[in-house]
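Peer 1: Next come a sequence and a model predicted from it.
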Protein chains: 2
Amino acid sequence: MTDDRTTQSRRPTIYDVAARAGVSKSLVSLVLQRSPRVSEPRRTAVLAAITELGYRPSEAATALAGARTRTVELLIDTYRNLSFVGLVEGIRRELDERDFRLTVTEMHQPGTAGPATWSTAVDGRILAGEPTAGLLAGWAACPIVVAGHRLSVPAGSDVVASDDRAGARAVTEHLLGLGHTTIAHLTGSGGAAQLRREGYEQAVHAAGLPASVAGRRSGTAEQDGYDAAHRILTRRSETTAIVAANDLMALGALAAARDLRRAVPADLSVFGYDDSPLARSRYLSLSSVDDRSTEVGARAARVLLARMDDPDAAVATPAVLPVLVPRGTSGRPGRPPVPAAE
Amino acid sequence: MTDDRTTQSRRPTIYDVAARAGVSKSLVSLVLQRSPRVSEPRRTAVLAAITELGYRPSEAATALAGARTRTVELLIDTYRNLSFVGLVEGIRRELDERDFRLTVTEMHQPGTAGPATWSTAVDGRILAGEPTAGLLAGWAACPIVVAGHRLSVPAGSDVVASDDRAGARAVTEHLLGLGHTTIAHLTGSGGAAQLRREGYEQAVHAAGLPASVAGRRSGTAEQDGYDAAHRILTRRSETTAIVAANDLMALGALAAARDLRRAVPADLSVFGYDDSPLARSRYLSLSSVDDRSTEVGARAARVLLARMDDPDAAVATPAVLPVLVPRGTSGRPGRPPVPAAE
DNA sequence: CTGTTAGCGCATTCAC
DNA sequence: GTGAATGCGCTAACAG
């Protein structure tokens, strides 16, 4: 009586399914795992029992027994950094096909939060954001791929990244091509900013022009962009174009330009980077560089899955090439804007 | 030999800790749970063993044995809706104290994705976004609280929400107080939009003015805001103020105003809603209504925790009162702007 | 080949 | 403070 499994008060277990289908629980397990070593009639019987009972395997038990959770964890710095949204979509696309779950975790203060605070029950991780020292160390437990930063990544790690250097170079060359001869760059601390700065410097130097960089020691928020742009526009008023390390900083540059009575794009061209939803906004129509984070996410997921299947697999991870997206905030120097793409 | 637990190739388990500390596994478990029924010397011994071995309990085993995961799941529509960021921070604040983990899950197509697709191994859920029919039904398995929407919520559910009606009423009254007499509203489909529309209507009607609402049948994205605002500014050109259902739509209104050569805020005041990072941006300086999502999140978490402790507890959930945040896009009609708050 | 039996994984909890 | 049972699914080893 107490043992009557038909009183459906509890969640049905694999035992209930087995009893209902008249087979052993092992067979149910085999069906669940789509094993080919199950005869058709039994399989149907088991599947029928599963639907009838509304059975779903306990994740806890599955994880404990199989040591696999079919879950991938995405580690990000903060939800405020919109940049992870594209990443998520790309990752999701790959994971869904293979029936993996995705969970997103914020690492509060980067550096402070070590592996100890992470969840343990995942099969693999994708790390977006700066892999600060000691973050990857001591964490060999499950495969991990770094998405988005080629800098400061421990040797041996898988890395999938957008080619920030190439993107920054391309946007600078684009502005040079439009006729700009005094192009400034707003940078910030951090790996992505550094690569973009290098790309900018390569391009201006190749054109025989001096580099003009501001913000090397500050952050990458809107206010940092404002401060850096304000300084540049004040000290080097001949500047006709600004390349920012990201869209937020570009927004700050727009604010500085407005305060200093510089019309955009007539007097000043402004380029952001990331092609965030912000840049795509109709009102802002911010010229930007699409770092193709969706593609980065998708590739990162594929690499991770491959690494999970075979820890020693040789996985190629060519850099993803960014795409220029000129919009309403850029154009020829001293001229009306190039028609917006939209 | 094979059984030699000192060869630390595997992750240490509670058995290893027990052996090292010279106690039973049960005692280790008790220490882990901070049980007061453990003598001080033993406790220190166990804790020492734990650190020495670098032991961390297996989440899978904990979940299986205890039927508790110490994890709360936040269900959102999409990461693109920045509104969840504040929510997360509030929830986190409460959860951290009680040592709960938070996981954020996107419900792809709302309505399509039912409970079956959700993860099962959580102790409680917070649902942000429209609780579409059938989403809550059939999901009595774990406590759930709805955060943010008082509309279309099944009776009996816990709800923590910002008082959207009051917020919209307040902003409309604020504009009336500044001297505006033709105030329009941009709305959209969906529960939050409906409540905000009602608040707006209450305020204008109380002032003896007619309501002027656009966008009732469209979405709540920037483009929807643009379309609705464009229509209103064209058909009722005497309009001097616009209250949008959210910040994104307000952005669309700004674009429409620019296209129609209406200076903001001199010719037209624009108010958003949500006080998203967008609104706080220095460049945009968008007047908005702070729905205090962090507070909503914190309260939702508290309610959930209470509900988890005691399923029958009577939990009071008074509405959270929004706060007006006038910035650079609003002011007296036909006058220079009120100085920005910043 | 197809299917079953037996034992495992790891922490919790309740009698003793 | 301890032993033993428990939760649920996986996976060899084995049998028909």
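Peer 2: Great, that's in hand.
Peer 1: Which residues are in contact with residue A:89?
Peer 2: A:294, A:297 (CB atoms under 8 Å, 6 or more residues apart in numbering or on different chains). Using the backbone N, CA and C atoms, a C-beta is placed for each residue, glycine as well.
Peer 1: check which helix or strand covers it.
Peer 2: Taking DSSP states H and E as the criterion, residue A:89 maps to helix A:84-97.
Peer 1: and what of residue A:51?
Peer 2: For residue A:51, the element it lies in under DSSP H and E is helix A:40-53.
Peer 1: Let me know whether that helix sits next to DNA strand C.
Peer 2: Yes. Counting by CB under 7 Å from any atom of the strand, DNA strand C is contacted by helix A:40-53 at A:41, A:42.
Peer 1: Could you pull out the buried residues of the helix holding residue A:89?
Peer 2: A:84, A:85, A:86, A:87, A:88, A:89, A:90, A:91, A:92, A:94, A:95 (16 or more other CB atoms under 10 Å in any protein chain shown).
Peer 1: Okay, now the unreliable bits of chain A?
Peer 2: Applying pLDDT under 70 to chain A flags residues A:1-9, A:67, A:108-120, A:131-141, A:150, A:152-156, A:335-342.
Peer 1: Give me the residue at the spatial middle of it.
Peer 2: Nearest to the mean C-alpha position of chain A, counting by CA atoms, centre = their mean, stands residue A:87 at 3.4 Å.
Peer 1: So what's the residue count around residue A:234?
Peer 2: Counted with other CB atoms under 10 Å in any protein chain shown, the neighbours of residue A:234 add up to 11.
Peer 1: Got phi/psi on the nearest residue to it once chain neighbours are set aside?
Peer 2: By the measure of CB to CB, 6 or more residues apart in numbering or on different chains, the closest residue to residue A:234 outside its immediate chain neighbours is residue A:260, 7.2 Å from it. Main-chain torsions, residue A:260, degrees, to the nearest 10: phi -100, psi 10.
Peer 1: Now do the closest residue in space to residue A:88 that isn't next to it in sequence against DNA strand D, distance only.
Peer 2: With sequence-adjacent residues excluded and distances taken as CB to CB, 6+ apart, residue A:88 is closest to residue B:79, at 5.8 Å. Separation of residue B:79 from DNA strand D (CB to the nearest atom of the strand, to the nearest Å): 30 Å.
Peer 1: quick one: contacts for residue B:79?
Peer 2: By CB under 8 Å, 6+ apart, residue B:79 lies in contact with A:79, A:84, A:85, A:88, A:104, B:106.
Peer 1: Can I get the residues you listed in a markdown table including distance to DNA strand C?
Peer 2: Converted to a markdown table, those look like this (distance: CB to the nearest atom of the strand, whole Å):
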| residue | distance to DNA strand C |
| --- | --- |
| A:79 | 29 |
| A:84 | 31 |
| A:85 | 35 |
| A:88 | 31 |
| A:104 | 25 |
| B:106 | 30 |
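Peer 1: Quick check: which element contains the nearest residue to residue A:169 once chain neighbours are set aside?
Peer 2: Of all residues not flanking residue A:169 in the chain, residue A:199 sits nearest, at 4.0 Å (CB to CB, 6+ apart). Element membership of residue A:199 [criterion: DSSP H and E] is helix A:191-206.
Peer 1: same deal with residue A:181?
Peer 2: Short version, using DSSP H and E: residue A:181 is in no helix or strand.
Peer 1: which residue packs closest to it, ignoring adjacent ones?
Peer 2: residue A:209 (6.6 Å).
Peer 1: And for the following helix or strand past the helix holding residue A:199, what's in contact with it?
Peer 2: Per DSSP H and E, the first helix or strand lying C-terminal to helix A:191-206 is strand A:213-214. Under the contact criterion CB under 8 Å, 6+ apart, strand A:213-214 has outside partners A:184, A:185, A:186, A:187, A:197, A:200, A:201, A:228, A:229, A:231, A:232.
Peer 1: from memory residue A:200 sits against residue A:185, does it?
Peer 2: Yes. The criterion here is CB atoms under 8 Å, and residue A:200 meets it with residue A:185 at 4.4 Å.
Peer 1: Can you check which residues contact both of these two?
Peer 2: Counting by CB under 8 Å, 6+ apart, the shared contacts of residue A:200 and residue A:185 are A:168, A:172, A:211, A:213, A:243.
Peer 1: ok, of these, which one's closest to chain B?
Peer 2: Closest approach between the shared contacts of residue A:200 and residue A:185 and chain B, by CB to the nearest CB: residue A:243, at 17.2 Å.
Peer 1: what separates that closest one from residue A:237, distance-wise?
Peer 2: Plainly put, residue A:243 is 17 Å away from residue A:237 if you go by CB to CB, to the nearest Å.
Peer 1: Which one's more surrounded, those two?
Peer 2: Just comparing residue A:243 and residue A:237: by other CB under 10 Å the higher neighbour count belongs to residue A:243, 33 against 11.
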